[in-house]
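> This is a predicted model, with the sequence first.
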Amino acid sequence: MEKDIVVVGGGPGGVITAMTAKSVYPDKSVCVIRQIGDGVIPCAIPYMINTMADPKGNVMPMGGLEAAGIEAVVAGATSLDPAAKALALDNGDSVKFDRLVLAMGSNPAKLPIPGADLEGVFTVTKSLAPLSELVAKAQAATNVVIVGGGFIGAEFADELAQKTGVNIHLVELMPKVLQAAFDDEFCDEIQKNLEAQGIKLHLTQKVEAIKGDGKVSSVALSGGQELPADLVIIGIGGRPNTQLAAEAGLRLADDGSIWVDSYMRTSAPDIFAVGDCALKRDFFTRKAVPVWLASTATAEARNAGTNIYGIRVLNQIQGSIAAFSTKFGDTCYASAGLTERACEREGIRYVSGSATAPDRHPGNLPGASPMRVKLLFADRAGALLGGQVSGGDSAGELVNVIAMGIQKGVTVRDMDMMQIATHPKLSSAPTVHPLINAAHQALAKLRGK
């Protein structure tokens, strides 16, 4: 087989690269090669347990590829020859390409401890078959131990808490859950939310061993406690899937990801990489960061797909701003950019402002809930560095305003004077809008200096 553009990987990054390339270069032949024939939408994996009536509803839709005239092949790539522009597949076929995009994602990290291979111990994959088994085990489980207090672990815990008659333990090595994404006051609020649902948190604890005779029965912690378990879910992150690239001689970054430039070009001519397998640079420091998000992958995909036959759009992705949103119970939590902890670690001087107001006006309208906003700005210059939000469902979109502000260099003065649309049933009152009032508070601190 011979194609103009070949994309290896059928996740969000791979699919959007192919769709973008076909849209920008309609005369080019495009093919997507995906190893997982039953891939799922990654962000919705925890919600396959309870929220979705049928886990099959989370299968990644591929109909758009065929409708766009893009061929899809279910096979694994076994070797890559950059000089010959050839790719070997595990079905015995080979593919010649003019341009290649590696969108091979990441592999879940495993615990290097005794018992990690016992029946009933699961890592979080992106294939429907093993996830369906996990869902079935979760629905029947009585004692569940979740290892990892990041987004995956906390979301699994929250989802399992919707089920009655299950004991849920969440084990996290760090002092706070979601510590990388939020400052302490938001972490504390999230922890109270989880605990209110009956989830037992074990912070600053390390899993020493998983015990059982063929099948898991308990989890031993570093503090000496042993937790009963008939299901263990390991959600401690992952590793970039870069074996194919490494064996082909492509340059890897220090963190093991595939090195790419600002246009997602690798060290090999005409080969690109996007998504979890590709290097991520922090927006502010340019340091490598393990920010693996579908939203980041699709932005990179549009970058690569647009510029795959020459640079058409200049420097649109200047680094990852790590924009997150999630929901525990009835409360949404969202974050973008730097936290106070990150600023202090990097020696970035900042001022902060916080404000809370109902997300309806007046606040006694049905459905109203407190909306809390915290914003960080650069000291002196006043550039927006980051923001965190908690409250009703609108928090998930309010953080996108913050994310765009970071990318466009919005200042505290811009936000203090921002013109907004408000409506009693949709937003906070313009007189007390927490986004503007948080900026106003920070600006007052700057003026005081």
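In hand now; what should we look at?

> CA atoms for contacts and neighbours, from now on please.
Fine.

> what secondary structure does residue 388 sit in?
strand (DSSP: H, G, I helix; E, B strand; the rest coil).

> in this protein, which helix or strand is least confident?
helix 63-67 (a mean of 88; mean pLDDT, DSSP states H and E).

> That one - contacts with which helices or strands?
helix 12-24, strand 71-74 (3 or more CA pairs under 8 Å, 6 or more residues apart in numbering; DSSP states H and E).

> hmm, who's touching that helix?
15, 18, 19, 71, 72 (CA atoms under 8 Å, 6 or more residues apart in numbering).

> In it, which residues have enough neighbours to count as buried?
residue 65 (16 or more other CA atoms under 10 Å).

> these two touch, right, residue 145 and residue 229?
Yes - counting by CA atoms under 8 Å, residue 145 sits close enough to residue 229 to count as a contact (6.1 Å).

> what do those two both touch?
By CA under 8 Å, 6+ apart, the residues touching both residue 145 and residue 229 are residue 219.

> quick one on the thing from earlier: looking at neighbours, which among the contacts of helix 63-67 is most surrounded?
Among these, the one with the most neighbours (other CA atoms under 10 Å) is residue 18, at 29 neighbours.

> Quickly note the distance from that residue to residue 362.
Per CA to CA, to the nearest Å, residue 18 is found 47 Å from residue 362.

> Beyond the strand or helix carrying residue 333, next helix or strand please.
For residue 333, the host element (DSSP states H and E) is strand 331-337. Using DSSP H and E, the next helix or strand after strand 331-337 towards the C-terminus is helix 340-346.

> buried ones in that following helix?
Buried-residue list, helix 340-346, by 16+ other CA under 10 Å: 340, 343.

> cool, and stretch 72-82?
Result for stretch 72-82 [16+ other CA under 10 Å]: buried residues 72, 74, 75, 76, 77, 79, 80, 82.

> now, which of those sits nearest residue 368?
residue 72 (46.1 Å; CA to CA).

> Contact partners for the closest one?
31, 32, 33, 34, 65, 66.

> what does residue 352 give?
So residue 352 contacts 374, 375, 376, 377, 438, 441, 442 (CA under 8 Å, 6+ apart).

> Then residue 122?
134, 231, 232, 233, 234.

> from memory the last one sits against residue 123, does it?
Spelled out, that is residue 234. Yes - using CA under 8 Å, residue 234 makes contact with residue 123 at a distance of 4.9 Å.

> Overlap of the contact sets of the two?
Counting by CA under 8 Å, 6+ apart, the residues touching both residue 234 and residue 123 are residue 110.

> How many residues are close by the nearest residue to residue 36 once chain neighbours are set aside?
Spatial nearest neighbour of residue 36, chain neighbours left out: residue 127 (6.4 Å); criterion: CA to CA, 6 or more residues apart in numbering. When neighbours are counted by other CA under 10 Å, residue 127 registers 19.

> List the residues that contact residue 127.
Counted by CA under 8 Å, 6+ apart, residue 127 has contacts 36, 37, 38, 39, 40.

> Dump those into JSON lines; add distance to residue 327 as well.
Putting those into JSON lines (distance: CA to CA, whole Å) gives the following:
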{"residue": "36", "distance to residue 327": "28"}
{"residue": "37", "distance to residue 327": "29"}
{"residue": "38", "distance to residue 327": "26"}
{"residue": "39", "distance to residue 327": "24"}
{"residue": "40", "distance to residue 327": "20"}
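
> wait, what's in contact with the residue nearest in space to the middle of the chain?
Centroid-nearest residue in the chain, with CA atoms, centre = their mean: residue 293, separated by 3.0 Å. Contact analysis of residue 293 by CA under 8 Å, 6+ apart lists 275, 276.

> mind listing what residue 93 touches?
Residue 93 touches residue 1, counting by CA under 8 Å, 6+ apart.

> ditto for residue 306
Applying CA under 8 Å, 6+ apart to residue 306 gives the contacts 20, 21, 24, 312, 313.

> name the element the nearest residue to the fourth one once chain neighbours are set aside belongs to?
In this case it means residue 312. Of all residues not flanking residue 312 in the chain, residue 306 sits nearest, at 6.7 Å (CA to CA, 6+ apart). Per DSSP H and E, residue 306 falls inside helix 294-307.

> what helices or strands is whichever helix or strand comes after that helix leaning on?
Next helix or strand after helix 294-307 toward the C-terminus (DSSP H and E): strand 324-328. When contacts are defined as 3+ CA pairs under 8 Å, 6+ apart, strand 324-328 packs onto helix 151-160, helix 184-196, strand 331-337, helix 395-407.

> go again using 6 Å as the cut-off
Other helices and strands packing on strand 324-328, by 3 or more CA pairs under 6 Å, 6 or more residues apart in numbering; DSSP states H and E, are strand 331-337.

> what pairs with the strand it packs on, and is each one parallel or antiparallel?
strand 324-328 (antiparallel), strand 384-391 (antiparallel) (DSSP bridges).

> tilt between the helix holding residue 306 and helix 12-24?
If you take axes from the mean of the first three to the mean of the last three CA atoms, to 10 degrees, helix 294-307 sits at 30 degrees to helix 12-24.

> Mean confidence (pLDDT) on helix 294-307, please.
Mean pLDDT, computed over helix 294-307, is 95.

> Equivalent analysis for stretch 374-391, please.
97.

> how far does it sit from the chain's center?
Between the centre of stretch 374-391 and the centre of its chain there are 21 Å (CA atoms, centre = their mean, to the nearest Å).

> And that stretch, what's buried?
So stretch 374-391, judged by 16+ other CA under 10 Å, has buried residues 374-379, 382-391.

> how about those, which pair is most distant?
It's 379 and 391 that sit farthest apart of these, by CA to CA, at 27.4 Å.

> Show me how the protein divides into domains.
As given by automatic domain parsing, the domain ranges for the chain are 2-107+239-307, 110-236, 324-448.

> closest to residue 318 out of those domains?
Nearest of the domains of the chain (CA to CA): domain 2-107+239-307, 5.9 Å.

> what about the closest one, distance to the chain center?
For domain 2-107+239-307, the distance to the chain centre is 16 Å (CA atoms, centre = their mean).

> Quote the end-to-end distance of that domain.
21 Å.

> Same check on stretch 334-354?
Note: stretch 334-354 ends 14 Å apart using CA to CA.

> picking up where we left off before, which one of the buried residues of stretch 72-82 is nearest residue 217?
Using CA to CA, the buried residues of stretch 72-82 come closest to residue 217 at residue 76, 35.5 Å.

> Understood, closing this out.
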